[in-house]
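Participant: Need coordinates for the following:
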Amino acid sequence: MAKLSRRVFTLGLGALGLGSLLPLGCTASRPPPGAPLPSGGDFLLTNAYLLTMDPELGDIPGGSVLVRQGQILAVGRGLTAPGVPVLDAGGKLVLPGLVDTHWHMWNTLLRSFAGTQKTEGYFPTIAAFGKNMRPGDLYQGTRLAAAEALACGITTVHDYCHNVRSFEHASADLQALRDTGLRARWSFGWPQGLTPEQGLDLEGLGRLHSDWTAHANGGLISLGMAWPGIQRMGGRAPEPLYREELRFARERKLPISVHASSQRGATGQIGEFARQGLLGPDMQIIHALFATEDEIQAMADAGTAVSVSPRSEMRIGYGLPRFLAFLRKGVKLGLSIDTTVLTGNANLFDVMKTARDVENARAESEFEWTGRQLLELGTLGGARSLGLDGRIGSLTPGKRADLIAVSTQQVNMGVAPDPVNLVIEAAQPGNIDTVIVEGRILKHAGVLTALAPEQIVSEASEALAQLRARTQWR
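Facilitator: Coordinates of the predicted model:
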């Protein structure tokens, strides 16, 4: 068998599940509608500037990553792998895939739909449309969001589905994730319009849990609970109800996510969780803008994670988000898209940059937060907050092969001496050449390899038109 050394040649990505032989950066063709996901192949990615986010490996100019059966086998310089296809990543920054920690993907069907008056704001909009959504609508919204995630370099999402109207709705939402190949936590939530006395459909959640292998896409998707909390839309839930929901999740070892202390009027919610003994390492608090110092310490002591979505939180008028207040007390923190009804897009580069801008402005200092700290938050930190840092979040041998290649050849990326700050300050989704999840190349040469974007947008548009007619909403 011939030995592949540093010589890089044009190879057939058929061995990688792509159907044509291309080094990174060559022109790719769009797949036909309904094309199956590529299989995860073996390959050696070479000649890259590696931002490993592994504290022991650091950055590796001219580095290589060897992938076999969806796993990172080796990282370093001058790697060889006899018989393994080689991908030349010259001119690319290669880093772990970005990690989103909270996203209502179903309502991407309503992108930028929040109006200019209170009756047409975010919450009235999603409530009105959500009540009229059929399973196929959830599929279309989540598939659109998942395709955008891949285009934007997000390889892991936390799909917080708070419009589970039936088992069929849940199944459709999960099908969208399976069809697109994302890694995900999928959190089972409540239907829009739920009253405080009704509670989650625990029977439906139990049914999913008992047959989870049918939905897990070979382990790419894990199950969680989107808990409505104690204070819910319309009032306070009865204590036996919310305690039973938590008992149900914890008995099955399901991670729990809940919105809390997101706005000034919700101050004290996290403290109540702490007093009632509800916090734990299996819980993720979302937003937490108005968490007190004591509440932050309680979350740190309990091992509870926090997800912050600065663009949506400021857009909706909750206030200025906080990040360093959590990190300095040891709280596991992640960043999120939240909802494109408010943010308009799923650009996690902009989310990272916004986070730094907010903290620097608060401190009145240019140097409050470094680019490397931000990049860690968008990769390894996000993975840690979801309990996935043993599998993803850094280019570490033994972890799963979730990574992205960012081109430095476009005009907005040249010329820069600091690759980390270049990613945080300059990179945009259009600079992402390649996206790999579990060893599957899902974006290459700037093109989604297993999805047909025009078809996805067309079908989502048709679904929205029918939904608007049923809802009779502007």
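
Participant: Pull out the buried positions in stretch 227-247.
Facilitator: Residues 227-232, 237, 241-242, 245-246 are the ones in stretch 227-247 that count as buried (16 or more other CB atoms under 10 Å). Placement of C-beta: from N, CA and C, glycine included.

Participant: What average pLDDT does that stretch get?
Facilitator: Here stretch 227-247 scores 95 as its mean pLDDT.

Participant: Give me the contact list for that stretch.
Facilitator: Residues outside stretch 227-247 that contact it (CB atoms under 8 Å, 6 or more residues apart in numbering): 123, 189-190, 194-197, 199-200, 202, 225, 249, 256-260, 266, 269, 272-273, 278.

Participant: want to throw the buried residues of stretch 227-247 into JSON lines with distance to Ser210 and secondary structure?
Facilitator: Shown next, in JSON lines, are these (distance: CB to CB, whole Å; DSSP: H, G, I helix; E, B strand; the rest coil):
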{"residue": "Trp227", "distance to Ser210": "20", "secondary structure": "coil"}
{"residue": "Pro228", "distance to Ser210": "22", "secondary structure": "coil"}
{"residue": "Gly229", "distance to Ser210": "25", "secondary structure": "coil"}
{"residue": "Ile230", "distance to Ser210": "28", "secondary structure": "coil"}
{"residue": "Gln231", "distance to Ser210": "31", "secondary structure": "strand"}
{"residue": "Arg232", "distance to Ser210": "27", "secondary structure": "strand"}
{"residue": "Ala237", "distance to Ser210": "25", "secondary structure": "coil"}
{"residue": "Leu241", "distance to Ser210": "22", "secondary structure": "helix"}
{"residue": "Tyr242", "distance to Ser210": "23", "secondary structure": "helix"}
{"residue": "Glu245", "distance to Ser210": "17", "secondary structure": "helix"}
{"residue": "Leu246", "distance to Ser210": "19", "secondary structure": "helix"}
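
Participant: So which of those residues is the closest to Glu313?
Facilitator: The closest of those to Glu313 turns out to be Gly229 (CB to CB; 17.2 Å).

Participant: Distance of that closest one relative to Leu194?
Facilitator: 12 Å (CB to CB, to the nearest Å).

Participant: Can you pull the poorly scored residue ranges out of the protein?
Facilitator: 1-35, 474 (pLDDT under 70).

Participant: longest single helix anywhere in it?
Facilitator: Using DSSP state H to assign secondary structure, the helix with the most residues in the chain is helix 453-471.

Participant: how about it: buried residues?
Facilitator: Per 16+ other CB under 10 Å, helix 453-471 contains these buried residues: 456, 459-460, 463-464, 467, 471.

Participant: Stretch 203-213 now?
Facilitator: 204-205, 208-209.

Participant: Helices - which of these land there?
Facilitator: 204-205, 208-209.

Participant: Adding distance to Leu451, write those out as TSV.
Facilitator: As requested, these are exported to TSV (distance: CB to CB, whole Å):
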residue	distance to Leu451
Gly204	29
Leu205	29
Leu208	25
His209	29
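
Participant: nearest to Ile296, of the residues you listed?
Facilitator: For those, the nearest to Ile296 is Leu205 (29.9 Å; CB to CB).

Participant: Angles on the backbone of the nearest residue in space to the closest one that is not next to it in sequence, please.
Facilitator: Spatial nearest neighbour of Leu205, chain neighbours left out: Phe188 (4.7 Å); criterion: CB to CB, 6 or more residues apart in numbering. When read as degrees, to the nearest 10, the backbone of Phe188 gives phi -70, psi 120.

Participant: ok, residues contacting stretch 50-66?
Facilitator: 43-49, 72-79, 81, 84, 93-96, 375-376, 379-380, 393-396, 401, 403, 419-420, 423.

Participant: Could you give me the PyMOL syntax to select whichever of those residues are buried?
Facilitator: In PyMOL, this line selects whichever of the contacts of stretch 50-66 come out buried by 16+ other CB under 10 Å:
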select buried, resi 43+44+45+46+47+48+49+72+73+75+79+81+84+93+94+95+96+375+376+379+380+393+394+395+396+401+403+419+420+423
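
Participant: which ones among the contacts of stretch 50-66 are found in helices?
Facilitator: Within these, residues falling in helices by DSSP H are 375-376, 419-420, 423.

Participant: Which of those sits closest to Thr292?
Facilitator: Glu376 (26.3 Å).

Participant: Leaving out chain neighbours, which residue sits closest to that closest one?
Facilitator: Spatial nearest neighbour of Glu376, excluding adjacent residues (CB to CB, 6+ apart): Met53 at 5.9 Å.

Participant: and that neighbour, how many residues sit next to it?
Facilitator: 23 (other CB atoms under 10 Å).

Participant: And it, how far from Ile316?
Facilitator: On the measure of CB to CB, Met53 and Ile316 end up 31 Å apart.

Participant: now Val437
Facilitator: From Val437 to Ile316 the distance is 30 Å (CB to CB).

Participant: Between the two, point out the one with more neighbours.
Facilitator: Using other CB under 10 Å, the more surrounded residue of Val437 and Ile316 is Val437, with 28 against 20.

Participant: which residues sit in contact with the more buried one?
Facilitator: Counted by CB under 8 Å, 6+ apart, Val437 has contacts 97, 150, 155, 181-183, 220, 401-402.

Participant: same check, this time on Gly390
Facilitator: Counting by CB under 8 Å, 6+ apart, Gly390 touches Lys399.

Participant: Assumed it was part of a helix.
Facilitator: No. Going by DSSP: H, G, I helix; E, B strand; the rest coil, the assignment for Gly390 is coil, not a helix.
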